[in-house]
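Engineer: Predicted coordinates and the sequence they were generated for:
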Amino acid sequence: MSVRLTARPLSIPQAWRELEGPGTGAVVVFAGRVRADAGPLGRVLALVYEAHEGPALARFRALESRARRRFGVTRSVIWHRVGRLRVGEVSVIVGVASPHRAAAFRAARDLIEELKVTVPIWKTERARPVRRPRRPRDRRAGRSAG
């Protein structure tokens, strides 16, 4: 088991190496990345992640224990970045190793879904404001057109 909150970049190859081991018939790794979504604040340039570290790590451990009991996971990684992440950077890696593929897929899906809902990690968008075109003024009436 490997749980981590870090300001350093996350490594998919490192997560893969931590999941290798005897009896592992399936390895599933999910990596979440910062997207350049367009929202009400404008185009996302970065996300800032903050976490309540002690409770977040405790919740990661509880999720890992649940995955072992419920899905027969033999190894797992639950890693999340904190701090400012630019578009394209990996913000979270969840990985599991299991004797069988069906259990590995179910466990990985369950871990990421539960993490998003139950772990005290918050994100704030940093966006480039959308520039709205100005309406031309109607000079005859002294009012905006439209």
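Structural biologist: Perfect, I can see it now. Numbering: from 1, shown residues only.

Engineer: V44 against V87, yeah?
Structural biologist: Yes. Contact criterion Cβ atoms under 8 Å: V44 and V87 qualify, at 6.5 Å. Every C-beta, even on glycine, is put in place using the N, C-alpha and C of the backbone.

Engineer: Give me the common contacts of these two.
Structural biologist: V34, R35, A36 (Cβ atoms under 8 Å, 6 or more residues apart in numbering).

Engineer: Make CSV from those residues and add secondary structure to it.
Structural biologist: CSV is the format used below for these (DSSP: H, G, I helix; E, B strand; the rest coil):
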residue, secondary structure
V34, coil
R35, coil
A36, coil
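
Engineer: got the contact list for R86?
Structural biologist: V34, L45, A46.

Engineer: ditto for R59
Structural biologist: Contacts of R59 (Cβ under 8 Å, 6+ apart): L115, T118, V119, P120.

Engineer: number of nearby residues for the third one?
Structural biologist: When neighbours are defined as other Cβ atoms under 10 Å, V119 has 22 of them.
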